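# can you look at this prediction? I've put the sequence above it.
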Amino acid sequence: MKWAKWIVLWVSVVLALSGCGRNLPVLTAEQLQNKLTVLVVTGTDMQEPLATTLQKTLAAWRDTKQISYEWMQKTDSFSAEQVGKLQQRPYDYIIVLGHTPVQGTLAAAKALPAHKWIFIDDGLGAPQGDIVEKHIVYRGIPSGRVQQEWDEWVKQQQVSGRAIEWVTNAANPIPSAWAPSEEAETISLTDANGWYPQFQSQVRSHGPSWIVLYSPVNPSTIQRMKNLQVPIMNMAATSVQLQWDALLTSLQRTMETKSWTPGFQPFAEGEMRVSKNS
């Protein structure tokens, strides 16, 4: 009867294997045809909340949406070798997340029109008018959003007659409604040679109610400004926190529907939160 036991064992193994097979996901021909391949690029300064959210989202895309992905982490720019590899890979979409990697890879993307690129820039000062390529979507903070956030405060100072000494740089001019051209002597540019002694002299001469930083300056300079005994309002510390769950859901919808509107697209109010941090 030994041979009979072997037959029973063999049949059991076959049945077990066939039972396991029924639990394996099987893609239909239509699913295989519609399967998307995505490259995600993030930088060295990616924060942990985004990393956690992104990891979960990518896994869900793979498991439930048939979206395969590669994740290129800690990449602030592309090397020549990486650009060469990108030219050889048939990605449907390349998605770049975060201000630093967006700024560092945009030029390379403009020269690689075979892929569809989606940039999500969480920094201020997105190049809105410079995105004319048909293969690039650039999501960024709307122009004038910081001005909108602070406009009421500035109007209050103007109505109350409180003078402001402005600090910015040449690339980030003060809105004309806040500092008309006839008040140009109240604006100091930090990228001008020897700007601080002149700024210090102006503050002592004008006697302003506020020093307002419209562009960032280093902490040591802020400390020197405090010695002038004038209150400081640091508009440059305004930050924007993106609502990544909403943005990634929007990304998924874009890929699944194959909708494509190239150029600059501002974030909607539900996709970001502004913090003054003054």
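Yep, it's here.
# mind giving me the domain ranges of the chain?
Per the record, the chain has its domains at 31-143+240-275, 145-238, by automatic domain parsing.
# tabulate the ones you listed (a markdown table), appending mean pLDDT and mean neighbour count.
In short, each C-beta sits where N, CA and C put it, glycine included. Shown next, in a markdown table, are the domains of the chain (pLDDT from 0 to 100; neighbours: other C-beta atoms under 10 Å):
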| stretch | mean pLDDT | mean neighbour count |
| --- | --- | --- |
| domain 31-143+240-275 | 91 | 16 |
| domain 145-238 | 93 | 15 |
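# can you pull out the helices in the stretch 151-278 of the chain?
For the stretch 151-278 of the chain, the helices defined by DSSP state H, counting those that start in this stretch occupy 195-206, 219-226, 244-257.
# out of those, nearest to Asp63?
In terms of C-beta to C-beta, the element of the helices of the stretch 151-278 of the chain nearest to Asp63 is helix 244-257, at 13.0 Å.
# please save the CA atoms from that closest one in CSV.
Taking C-alpha atoms only, helix 244-257 is exported to CSV below (Å, rounded to 0.1, in the frame of the first residue of the first chain):
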residue,chain,number,x,y,z
TRP,A,244,-0.1,66.0,0.0
ASP,A,245,-3.0,63.6,0.3
ALA,A,246,-5.1,65.9,-1.9
LEU,A,247,-2.3,66.5,-4.4
LEU,A,248,-1.4,62.9,-4.8
THR,A,249,-5.1,62.0,-5.3
SER,A,250,-5.2,64.7,-8.0
LEU,A,251,-2.1,63.2,-9.6
GLN,A,252,-3.6,59.8,-9.7
ARG,A,253,-6.7,61.2,-11.4
THR,A,254,-4.6,63.0,-14.0
MET,A,255,-2.7,59.8,-14.9
GLU,A,256,-5.8,57.5,-14.9
THR,A,257,-7.9,59.9,-17.1
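# name the residues that touch it?
Residues outside helix 244-257 that contact it (C-beta atoms under 8 Å, 6 or more residues apart in numbering): 36, 38, 49-50, 53-54, 57, 61, 65, 67, 92-93, 95, 118, 120, 137, 139, 259-260, 267, 270-271.
# now with 10 Å?
Identification of contacts with helix 244-257 by C-beta atoms under 10 Å, 6 or more residues apart in numbering yields 34, 36, 38, 40, 47, 49-50, 52-54, 56-58, 60-61, 65-67, 92-93, 95, 97, 116, 118, 120, 122, 137, 139, 242-243, 259-261, 265, 267-268, 270-272.
# before we move on, the earlier item: and the helices of the stretch 151-278 of the chain as CSV, adding distance to Glu183?
Listed next are the helices of the stretch 151-278 of the chain as CSV, based on distance: least, C-beta to C-beta, whole Å:
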stretch, distance to Glu183
helix 195-206, 10
helix 219-226, 20
helix 244-257, 39
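# closest to Ala111 out of the ones you listed?
Per C-beta to C-beta, nearest to Ala111 of those: helix 244-257, 22.8 Å.
# so how far is that closest one off the chain centroid?
14 Å (C-alpha atoms, centre = their mean, to the nearest Å).
# change the start of the numbering to 13 and stick with it
Okay, using 13 as the starting number, the last item reads as helix 256-269.
# in strands, which of the contacts of helix 256-269 fall?
The strands, defined by DSSP state E, take in 48, 50, 52, 79, 105, 107, 109, 128, 130, 132, 149, 151, 254, 277, 284 from these.
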